[in-house]
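In: Mind folding the following:
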Amino acid sequence: MDKKKLAYRVIIVSVLVLGYFNYFGEEKKIEKKEDVIETIGAIYDTDGYHIEAEKQNDFVKTNETTFEKAKAVLDGMILTGDSAILDAGKNLLLKSNILGKSLTGWEFETQEAKYTKENGEIESTIGVVAVNKEKDIEVSGQNFKSDLKMENVVLSGDVKFKTKNLTLSAEAANYNDKDKILNINGKAFLSGSDIGENSGVLTGNFEGLKYDTTTNLLKSSNPFEVDYNGIKLYGEDLVLNDKTQSFEISKNVYILADGYKIDMKSITSDGGDNINFNGKIKGSNGIYSFTGDSGLYNKITKKLIITGNVNGIDKDGAKLLADMAIYSTDKKELELISDKNIEYTSPTNKIFTKNLVYLSETGELYLKDGYTYFSDKYDSKGQKFFYNKLTGKGYVVKGQVKDNIEKKIASGNRIDFDRNEESYLIDGEGSFENIQYIFESSKIDYLGKKGFVYIPEKYILKRKIEKDTFEGLKGEYNLLTEIFKSFGAFKYLSADNILEGTNLEFNQKTGIGKIEKDLVAIDKKDGTKIVSTTGEFKQNEFVKIKDKLVLTSGDIVANANSADYIMKDQKIYIPGEIVFKDTIKKSSGKMFNGIYETEKKLFVGEKFSGKDVKNTLKSDIIKYFVSEGDIILEGNAEIKDEISTLKGERLEYNQNTEIAKSTKPVNIKYTDYDINMKNGTLNKKTSLLNGDSVTIKSKLNEEFKGDRVEGTLQNMNLDFIDNVSGNIYQDGVPVNFKGDFVRAYFKKNTEGKNEIQRVEIRKNAIIQKEETTLYSDYLEIQPQKKLVFGKDNTKAIMKDKDGVITTVTANMMNGNLDTQIIDLVGKVVIIRKDKEKTLNATSTKAKLKNKENLAELRGDVFVDDGDSIVTADEVDYNMKTNKAKARGNVFVDYKVNENKTMNNNNEINSGYNKIIKK
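Out: Numbering: from 1, shown residues only. Here you go, the predicted model:
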């Protein structure tokens, strides 16, 4: 080597050495300017260095070389920076925007780095970021040391390890390219974003992690803690595939979430959306505990799912059985599902449902797919249930809620309730019930604390104790005053009555209801109906009607000015005038101060006057049985038609049968007859009459009396029974009669008036005309024909003007009372007594001519006149002259005794004491 070259090299080395000490040593005041050789666009190759720079300065005395905008290649490592210094010992110091690239795929960035030639290491103490783009790995730290190939990298001081999916902070880390493993030493902290949009932040604390850059597996065998959105996961053995995001956590694995510690055998994931919890799941927060066969967590839905024999208990003895539990970690929502029924039981409540959802943060509980709920205070059953325990609000779908304390039941298609306000809003087929009443409507708004129940649509209100019902279009109930109002048309139904009207105000406490208008009251048992404008009522007690009314019952319609309907007595009290009519029976009337008994359908009134098709009626008091058509008239009672008038103190008349009767003395005026009876019955349709203690008089002074009468007035065929007596007239002469039974036959004359045609007298019969009296068990008299007929023990007693009495008996008697001719048949006996003598005569039959004093005797005649006895087939005997004309088998026997002699030769010649034979 020539001297020149050697000198040049010595100068360069001197410059670099001086520059190195000048740079790293303490700054000293430069007393004089050193010698510098400047090269533009320099290329430097020496001692294993290849440096390219925009500018190169060589310091001769210090043997230092500086570069600006330099690029250095050292054993495959490419280093670039804004400035570099090569000292006398050939150590390279780089400053500002340093970038290093190794042959192993690693790059690093820093603001200051030093390469020590002796050990071949690059290091930095002001912070380095190392990246392997192929592995998608980034490592950073305050202190950095590595060989040129970056086969061994050591980091310390605020070390961070980043991949696409995770970020780790650690105390130190080292990388060995032989096994491609990054060791994260000391305590490490994991932070970063999980897979999936808005999936949440994942953090964790580890110690002693290893990351295999070839397999992308992150492993730990030391206890660690991971936090994901508030859920803390613990374990001692972790294998995480950073690329696929699959992992397995085993050994002493458990989770802390929402105060729960959840144990399991292991946790695995295939990198998808689900994280699997393996082995028996056990969880508890000190109050609540649960178990399950297995579970998983979905990172997208953020739901924790436990399946198989899910059992839960709490410290107070509550138990829960389900097939599946789903917990949404972001919403804090727990959902329980079961094929049969989820069973929740505790000392205070029970729940059975197929689907249960509970949101712990909001206090919301959902029961779905049919449920039953029991508690000390509330029971519920339906298709769906919701309740927020924080607000006290909830709803039920197609079910009911029962308050066991207040004894309230709400049911419907949907029930919105507020336990704080004690309110229920029911929509669709609604019903609200307490110990007093039941509301039924498509909409019911029960406001407990506000003290109102609003029913905006058609409703039914049932009162339990009273067992009555209100029906209407719209209503409201004041819970404090207990006043119920119904707007528009309504109907009230009790066990026995119906009330209808428009606009009702009903006081539950007093039981009094006020009807504004269109009042209608109906007795359900008998159909009695009252129509008026306004009034008030009390359940099962009264209806007070203050305006004009129309009463309808059966066939009767009555009009009045006011009324009090006393329900418990089933009576309607109607003061003042009452006008009524029977539309079927065509009757009408007027009365005052009436009482109508609805059950009996009985109308009672005063000062009655009325009429029907045939009759006019009046009385001081009327009792009208509407259904039966029975009318009882009391006090100056009268029933009158065209031909008859009935009067008495008590008359009963049936409009259907047209039968009038009286249990008291009654007077009947029928055409020309005046009938008085102690009691009796007259059928005005058939004119059939019967009665007791009867007296019938005609305008002709004919009279009939008897203990009883039966017969028809229309043709005056009447039977008088027991103690019968009476009289008729024949040519102005009275004919009196008596007997146990009398039948009278009448016939209308040419003037249309009834006249006696025939009178039959039976048993103890007696007929008397002037001085003639007839006796028999059967007598018959025909006044018009002036005939009399008798049979069975017949006897006639006749007395002439001289006082002679003739007594005649026979089996049968037929005579003319006018001519006084009597035909006698069978066992005829005639006894005639005058002042001087007595005549006894018998025969089989005879004709007695009283006016002629002649007795015509026939058949087995026997005559004893006191002086003689005559027997013959026939004898005509003059009762005045005592002369007899005998015929056929005549025998005369003269009576001679010591007191009497025959002085008259004519008597001897007359044929006495002779037998005359034809």
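In: quick one: I578 and M591 touch, right?
Out: Yes. At 5.0 Å, I578 and M591 qualify as touching, with contact defined as CB atoms under 8 Å. Quick note: C-beta positions are derived from backbone N, CA and C, even for glycine.
In: Now do the shared contacts for those two.
Out: G605 (CB atoms under 8 Å, 6 or more residues apart in numbering).
In: mind listing the strands in the stretch 451-600 of the chain by residue range?
Out: All strands of the stretch 451-600 of the chain, identified by DSSP state E, counting those that start in this stretch, fall at 452-455, 459-463, 468-478, 483-493, 497-507, 512-523, 529-532, 535-538, 542-545, 549-553, 556-560, 563-566, 571-582, 587-597.
In: same thing with the stretch 301-450 of the chain?
Out: According to DSSP E, counting those that start in this stretch, the strands that the stretch 301-450 of the chain contains are 303-314, 319-328, 333-345, 349-359, 364-375, 378-382, 384-388, 393-403, 408-418, 423-433, 437-447.
In: Distance of I728 relative to K697?
Out: Noted for I728: a distance of 11 Å to K697, by CB to CB, to the nearest Å.
In: quick one: which of the two has more around it?
Out: For I728 versus K697, the count of surrounding residues by other CB atoms under 10 Å is larger for I728: 23 against 17.
In: That one: helix or strand, and which one exactly?
Out: Per DSSP states H and E, I728 falls inside strand 717-730.
In: could I get that strand in PDB with only the CA atoms?
Out: Output in PDB follows, covering the C-alpha atoms of strand 717-730 (Å, rounded to 0.1, in the frame of the first residue of the first chain):
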ATOM      1  CA  ASN A 717    -186.200 -23.400  34.300                       C
ATOM      2  CA  LEU A 718    -185.400 -23.300  37.900                       C
ATOM      3  CA  ASP A 719    -185.100 -25.900  40.600                       C
ATOM      4  CA  PHE A 720    -185.800 -24.900  44.200                       C
ATOM      5  CA  ILE A 721    -184.500 -27.300  46.800                       C
ATOM      6  CA  ASP A 722    -185.400 -27.800  50.400                       C
ATOM      7  CA  ASN A 723    -188.000 -25.800  52.300                       C
ATOM      8  CA  VAL A 724    -189.500 -24.500  49.100                       C
ATOM      9  CA  SER A 725    -192.500 -22.200  49.200                       C
ATOM     10  CA  GLY A 726    -194.100 -19.700  46.900                       C
ATOM     11  CA  ASN A 727    -197.100 -18.500  45.100                       C
ATOM     12  CA  ILE A 728    -198.300 -17.900  41.600                       C
ATOM     13  CA  TYR A 729    -201.500 -16.300  40.400                       C
ATOM     14  CA  GLN A 730    -204.300 -17.700  38.500                       C
END
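In: so what does that strand touch, helix or strand wise?
Out: strand 688-698, strand 703-712, strand 733-748, strand 754-769 (3 or more CB pairs under 8 Å, 6 or more residues apart in numbering; DSSP states H and E).
In: Pipe those strands into TSV and attach distance to K883 per row.
Out: Shown next, in TSV, are the helices and strands packed on strand 717-730 (distance: least, CB to CB, whole Å):
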stretch	distance to K883
strand 688-698	45
strand 703-712	42
strand 733-748	31
strand 754-769	28
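In: Dump these to JSON lines, plus mean pLDDT and distance to D158.
Out: As requested, the helices and strands packed on strand 717-730 are exported to JSON lines (pLDDT from 0 to 100; distance: least, CB to CB, whole Å):
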{"stretch": "strand 688-698", "mean pLDDT": "92", "distance to D158": "134"}
{"stretch": "strand 703-712", "mean pLDDT": "91", "distance to D158": "138"}
{"stretch": "strand 733-748", "mean pLDDT": "86", "distance to D158": "147"}
{"stretch": "strand 754-769", "mean pLDDT": "84", "distance to D158": "147"}
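In: What separation is there between the residue nearest the centre of the chain and A744?
Out: The centre of the chain sits closest to E440, judged by CA atoms, centre = their mean, with a distance of 6.4 Å. Distance of E440 to A744, computed by CB to CB: 73 Å.
In: Then R650?
Out: Taken as CB to CB, the span from R650 to A744 is 27 Å.
In: same deal with N676?
Out: 16 Å.
In: Tell me which of these two has more neighbours.
Out: Each of N676 and A744 has its neighbours counted (other CB under 10 Å); A744 has more, 26 against 18.
In: low-scoring stretches of the protein, by residue?
Out: 1-34, 192-202, 228-229, 896-918 (pLDDT under 70).
In: Let's see stretch 502-509 as PDB, backbone CA atoms only.
Out: Taking Å, rounded to 0.1, in the frame of the first residue of the first chain, the C-alpha atoms of stretch 502-509 are listed here in PDB:
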ATOM      1  CA  THR A 502    -131.800   6.200  29.500                       C
ATOM      2  CA  ASN A 503    -129.100   7.600  31.700                       C
ATOM      3  CA  LEU A 504    -128.800   6.000  35.100                       C
ATOM      4  CA  GLU A 505    -127.100   7.100  38.300                       C
ATOM      5  CA  PHE A 506    -126.900   4.200  40.800                       C
ATOM      6  CA  ASN A 507    -125.600   4.400  44.400                       C
ATOM      7  CA  GLN A 508    -124.000   1.100  45.400                       C
ATOM      8  CA  LYS A 509    -124.000   2.100  49.100                       C
END
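In: Give the buried residues for that stretch.
Out: T502, N503, L504, F506, N507, Q508 (16 or more other CB atoms under 10 Å).
In: Include distance to N165 when you put those into a markdown table, please.
Out: Formatted as a markdown table, those follow (distance: CB to CB, whole Å):
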| residue | distance to N165 |
| --- | --- |
| T502 | 77 |
| N503 | 75 |
| L504 | 75 |
| F506 | 74 |
| N507 | 76 |
| Q508 | 71 |
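In: ok, so of those residues, who is nearest K464?
Out: Taking CB to CB as the measure, K464 lies nearest Q508 of the buried residues of stretch 502-509, at 11.9 Å.
In: is it true that that closest one touches E482?
Out: Yes. With contact defined as CB under 8 Å, Q508 counts as touching E482 (3.6 Å).
In: Show me which of the buried residues of stretch 502-509 is closest to I255.
Out: Q508 (58.4 Å).
In: how close does that closest one sit to D468?
Out: For Q508, the distance to D468 - CB to CB - is 11 Å.
In: again with V863
Out: Separation of V863 from D468 (CB to CB): 99 Å.
In: do Y175 as well
Out: From Y175 to D468 the distance is 92 Å (CB to CB).
In: Then I137?
Out: Distance of I137 to D468, computed by CB to CB: 86 Å.
In: now T807, nearest residue through space, not along the chain?
Out: Counting by CB to CB, 6 or more residues apart in numbering, T807 lies nearest to I831, which is 4.4 Å off, once chain neighbours are set aside.
In: Hmm, I typed the wrong one, I wanted K647.
Out: Leaving aside its chain neighbours, K647 sits nearest to N667 (4.6 Å; criterion: CB to CB, 6+ apart).
In: Enumerate every residue touching E54.
Out: Applying CB under 8 Å, 6+ apart, we find E54 in contact with I40, G41, E68, K69, A70.
In: any idea which of these is closest to V131?
Out: Out of those, the member with the shortest distance to V131 (by CB to CB) is A70, at 21.5 Å.
In: What's the separation between that closest one and N561?
Out: For A70 relative to N561 (CB to CB), the value is 127 Å.
In: Also I281?
Out: Taking CB to CB as the measure, I281 falls 85 Å from N561.
In: When these two are compared, which one has more neighbours?
Out: I281 (24 against 15).
In: Could you give the bridge partners of the more buried one?
Out: G292 (DSSP bridges).
In: List the contacts of the nearest residue to E597 once chain neighbours are set aside.
Out: Distances taken as CB to CB, 6+ apart place K571 nearest to E597, at 5.2 Å, with adjacent residues excluded. Listed by CB under 8 Å, 6+ apart, the contact partners of K571 are Y565, I595, Y596, E597, T598.
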